[in-house]
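Trainee: One predicted model, sequence on top.
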Amino acid sequence: MTAEVLGIAALSLRVALLATLVACLLGIPLGVWLGSTAFAGHRMAVLLLNTALALPTVVVGLALYLLLSRHGPLGMLGMLYTSGAIVVAEIVLAVPITAALAAAAVQGLDPRVRRTALTLGAGPVRAAWAVAQEARLALAAASAVAFGRVLSEVGAALIVGGNIRFETRTLTTAVTLATSQGNFALALALGLVLLAMALTVNAVILLLGGRPR
C-alpha cells in the first residue's frame, strides 16, 4: 500500500469520525427530545426530520458550494475545496440520521422510564440522560449508521472538496476517479480498504454501546 493511499485513507477516516462526532452531539439530543416530548407541531417536526433523511448528497453539496464560493455569503471563510467543507457537508447529511433514529429509539421505550426519573427528582436534562441510557444500544447503532453514511459519501465531497490530490481526495472520490480512468484494480483495492475501515469503526462503536441488560 503506497503512502498516497495511506494518506487518502487517513483523511477519509479523520473527516468521517469528526463529522460523525459532531452529528451525534447535535442529532442525538435533538432526537431524544423529539422522542420524549410532546408539543404543538411535533408531528410536523418529525415529518421534516424524516424527509431530511432523503436529502440527495449532490443537492447538499451544491447548496454548500453556493454558500462557500467566493461570491457566496460565506465566501470569506475560504473553506471551499478544503477538508473542512467536506466535514460540514457530511454533518448536514448525518444529523438527520442520528436525530431520526434516536427519536425512534426513544419512542420505542417504556414511557415510565422518563416519568420515573422525573418523579425521583431528576430535572429535564437528567431525565433525558436516563432515557438515553436505556436506549444506548439503539443510539450506538444510530452512530454506526451515521458513520457509514458519511464514510461512503461521494457526491457532496466531490462538489465542495474538488477531489484535490493530497488535499481533499477521500477513498470514495479516489474510487470514482480510478473507475473513470479505467483503473479497476485500484478502484477495487480502495473499495476494500473502505469496507475494512467501516467494519472496524462500526464494531468499535457498537462495542462501546455495551451489552443488553
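Mentor: Right, received. Where do you want to start? Numbers count the residues shown, from 1 in each chain.
Trainee: low-confidence ranges in this protein?
Mentor: Within the chain, the stretches falling below the threshold (pLDDT under 70) are 1, 110-115, 117-118, 120-125, 209-213.
Trainee: Just want the most central residue of it.
Mentor: Computing the C-alpha centroid of the chain and ranking residues by Cα atoms, centre = their mean puts residue 94 first, at 3.0 Å.
Trainee: surely it meets residue 149?
Mentor: Yes - with contacts counted by Cβ atoms under 8 Å, residue 94 reaches residue 149, the gap being 5.7 Å. Quick note: C-beta positions are derived from backbone N, CA and C, even for glycine.
Trainee: The protein: helices as residue ranges?
Mentor: Assignment of helices within the chain using DSSP state H yields the ranges 3-36, 42-52, 57-68, 83-107, 112-119, 124-134, 136-151, 155-161, 171-180, 184-208.
Trainee: Using a markdown table, lay out these together with distance to residue 74.
Mentor: Rendered in a markdown table, the data for the helices of the chain read as follows (distance: least, Cβ to Cβ, whole Å):
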| stretch | distance to residue 74 |
| --- | --- |
| helix 3-36 | 17 |
| helix 42-52 | 21 |
| helix 57-68 | 5 |
| helix 83-107 | 10 |
| helix 112-119 | 39 |
| helix 124-134 | 32 |
| helix 136-151 | 21 |
| helix 155-161 | 11 |
| helix 171-180 | 22 |
| helix 184-208 | 30 |
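Trainee: Out of those, flag the one nearest residue 76.
Mentor: Across these, the minimum distance to residue 76, taken as Cβ to Cβ, is reached by helix 57-68, at 9.8 Å.
Trainee: ok, and what's touching the closest one?
Mentor: By Cβ atoms under 8 Å, 6 or more residues apart in numbering, the list of residues contacting helix 57-68 from outside reads 72-75, 77, 79-80, 85, 88-89, 92-93, 153-160.
Trainee: what do you get for stretch 4-11?
Mentor: The list of residues contacting stretch 4-11 from outside it, by Cβ under 8 Å, 6+ apart, reads 83, 165-166, 168-171, 174, 189-190, 193, 197.
Trainee: and if you look at stretch 40-47?
Mentor: Contact with stretch 40-47 is made by 34, 103, as judged by Cβ under 8 Å, 6+ apart.
Trainee: and that stretch, how far out from the chain's middle?
Mentor: Relative to its parent chain, stretch 40-47 has a centroid offset of 22 Å by Cα atoms, centre = their mean, to the nearest Å.
Trainee: what comes up buried for it?
Mentor: Buried positions in stretch 40-47, judged by neighbour count with 16 or more other Cβ atoms under 10 Å: 45-46.
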